[in-house]
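coords please:
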Amino acid sequence: MKTKLLLSLGLLIATNAFSQIPTTNLIKEYTFTNGSLQNTVNPGTNDLTTVATTSTFTQTADPINTNNAIVLNGEQLLGGQHPTNAIIEADFSISFWIKTSYTGVNSQYIFRQYGIRNTNSNAGIRAYLNNGIIIFAGNFRLGTSNYNAETYLRSSSIADGNWHHIVITGAYKHRLHPVNPAYTLVKYDYKLYIDNILDKSGSTAEGFDYDQDVYLFEGNPDLKIGSVQFQDSMDSFRVYTSALSVNDIALLYQEFGSSLHAKDPKIKGLEIKTENRTIKTNLPQITIKVLNLLGQQVENQHLRGLYMVLFQNKNGVIQLEKILIP
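You can find the predicted model right below:
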């Protein structure tokens with residue numbers, strides 16, 4: 001039966017070639033090619049260094065190349081301070097690929113960049129594995145001593161032994177105080193993406209700004225990748241001083257994403273080919289993903305009902321369409 005195109009979401013995700021990595025506001029990039037710890041954005045500045053006297057990380061294959069990713073094996077890598085130190089009232093994004101099967105309850109830090117003023121106050125960002133998910137925590141300091149309570153994002157499970165692309169963005173927001181417009185209310189909006197799909201989002205509580213600086217970090221902490229506990233694989237770790245757009249995130253995902261999902265239902269011409277049948281559609285080119293209405297990817301299975309299809313049109317633009325498969 002002919003597939004009916006129900007609703008175009010009009011979502012433009014990328015306008016450039018899949019292999020193009022966004023470079024605007026990119027300040028640190030570690031591709032780990034052949035085990036290199038070099039910052040490829042600015043070699044010699046903020047290159048990674050190992051904490052252990054003898055480095056314990058090993059090389060491993062990324063999704064398309066041999067020896068272009070690393071297994072941390074409990075190694076911790078230091079990426080230096082941020083170029084603007086504490087980042088006053090600024091956005092950020094962290095992008096990386098990770099492969100893990102860890103489902104334990106003891107937290108394993110993936111990365112962190114925060115300082116500790118006292119036992120009750122943290123200011124900065126961090127992400128760790130716990131019980132098969134990524135937990136991101138973010139906080140900021142307002143003025144000299146006021147701290148906002150940490151906000152947590154808890155991802156869907158990624159502990160399946162496969163590579164996954166993770167992006168965490170933070171956008172600084174402010175508005176005039178509704179009662180006293182001489183002052184402002186400030187906060188950070190956080191988003192966590194898994195494999196090009198928004199997985200979780202949340203915001204810090206608003207802080208009352210009496211003309212004070214807002215610091216993302218406490219002091220000038222080093223970026224730390226990995227930890228003594230973290231044993232798993234990582235690749236293409238990137239740091240941006242902006243909150244990446246969905247276009248940018250799609251481009252980053254396509255670094256390896258198109259090679260990882262060969263089993264997905266494919267659109268060839270005007271057809272979706274699944275394991276049990278061929279479905280006629282109005283979509284013009286190839287699919288990247290078939291998603292259910294929760295945004296979860298579905299693989300080559302018996303498809304019936306309402307789905308979202310991420311596809312590339314003839315002009316190279318990626319779009320999202322909602323379709324009914326009867």
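
The residue lying closest to residue 102 once chain neighbours are set aside: what's it in contact with?
Excluding the flanking residues, the one nearest residue 102 by CB to CB, 6 or more residues apart in numbering is residue 129, at 5.2 Å. C-beta coordinates here come from the backbone N, C-alpha and C atoms, glycine included. Going by CB atoms under 8 Å, 6 or more residues apart in numbering, residue 129 touches 100, 102, 107, 108, 110, 135, 159, 230, 232.

Kindly give a single PyMOL line that selects the buried subset of those.
Those of the contacts of residue 129 that count as buried under 16 or more other CB atoms under 10 Å are selected in PyMOL with:
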select buried, resi 100+102+108+110+135+159+230+232
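
Using the record's domain definitions, break this protein down for me.
Split into domains by automatic domain parsing, the chain comes to 4-14+261-325, 26-253.

which stretch in those domains is the model least sure about?
Ranked by mean pLDDT, the domains of the chain end with domain 4-14+261-325 in last place, scoring a mean of 52.

quick one on the thing from earlier: which element is the residue nearest to residue 102 on?
strand 121-130 (DSSP states H and E).

Same question for residue 236.
strand 233-240.

quick one: strands adjacent to that strand?
Sheet pairing for strand 233-240, assigned by DSSP bridges, gives strand 26-30 (antiparallel), strand 69-71 (antiparallel), strand 92-99 (antiparallel).

just the helices in the stretch 101-250 of the chain please.
Per DSSP state H, counting those that start in this stretch, the stretch 101-250 of the chain carries helices over the ranges 246-253.

ok, residues contacting the strand holding residue 236?
For strand 233-240, the surrounding residues in contact (CB under 8 Å, 6+ apart) are 21-22, 25-32, 60, 62, 68-72, 79, 92-100, 110-111, 163, 223, 225-226, 252, 255-256.

For those residues, which ChimeraX command selects only the ones that are buried?
Per 16+ other CB under 10 Å, the buried members of these correspond to this ChimeraX selection:
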select :21,22,25,26,27,28,29,30,31,32,60,62,68,69,70,71,72,79,92,93,94,95,96,97,98,99,100,110,111,163,223,225,226,252,255,256
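
Grab the nearest non-local neighbour of residue 228.
residue 74 (5.1 Å).

The one you found against residue 109, yeah?
No - taking CB atoms under 8 Å as the definition, residue 74 is not a contact partner of residue 109, at 11.0 Å.

Need the residues touching each of the two.
226, 227, 229, 230.

Just flag the most distant two among the residues you listed.
226 and 229 (8.9 Å; CB to CB).

Touching both of the two, which residues are there?
74, 109.

in terms of contact, does residue 173 touch residue 190 like I think?
No - applying CB under 8 Å as the test, residue 173 and residue 190 come out as separate, 10.8 Å apart.

Please identify which of the two sits among more neighbours.
residue 190 (23 against 15; other CB atoms under 10 Å).

returning to what we had before: what is in contact with residue 173 and residue 190 at once?
Listed as contacting both residue 173 and residue 190 by CB under 8 Å, 6+ apart are residue 203.

In three-state terms, label residue 34 for me.
helix (DSSP: H, G, I helix; E, B strand; the rest coil).

That one is in contact with residue 67, isn't it?
Yes - assessed by CB under 8 Å, residue 34 is found in contact with residue 67 at 5.5 Å.

higher neighbour count, these two?
Using other CB under 10 Å as the criterion, residue 34 and residue 67 rank with residue 67 on top: 14 against 10.

Now the more buried one. Nearest residue, chain neighbours left out?
residue 59 (4.3 Å).

so how far is residue 26 from the nearest residue to residue 193 once chain neighbours are set aside?
Spatially, and ignoring its direct neighbours in sequence, residue 193 is nearest to residue 167 (4.2 Å; CB to CB, 6+ apart). In this view, residue 167 and residue 26 are 13 Å apart by CB to CB, to the nearest Å.

re the thing from before, quick check: beta-bridge partners of the residue nearest to residue 102?
With DSSP bridges as the rule, residue 129 is bridged to residue 108, residue 134.

mind checking the longest strand of the chain?
With DSSP state E setting the assignment, residue counts place strand 163-176 as the longest strand in the chain.

how about it: buried residues?
163, 164, 165, 166, 167, 168, 169, 170, 171, 172.

got the contact list for residue 102?
Contacts of residue 102 (CB under 8 Å, 6+ apart): 108, 129, 132, 159, 231, 232.

Quick check: the farthest pair among those?
Pairwise distances across these peak at 14.3 Å for 132 and 231 (criterion: CB to CB).

How many neighbouring residues does the closest residue to residue 173 other than its chain neighbours have?
Spatial nearest neighbour of residue 173, chain neighbours left out: residue 187 (5.3 Å); criterion: CB to CB, 6+ apart. A total of 19 residues lie near residue 187 under the criterion other CB under 10 Å.

Ok, residue 106 next?
10.

Check the gap between the closest residue to it other than its chain neighbours and residue 170 for me.
Leaving aside its sequence neighbours, residue 106 sits nearest to residue 229 (CB to CB, 6+ apart; 6.5 Å). Counting by CB to CB, the gap from residue 229 to residue 170 is 24 Å.
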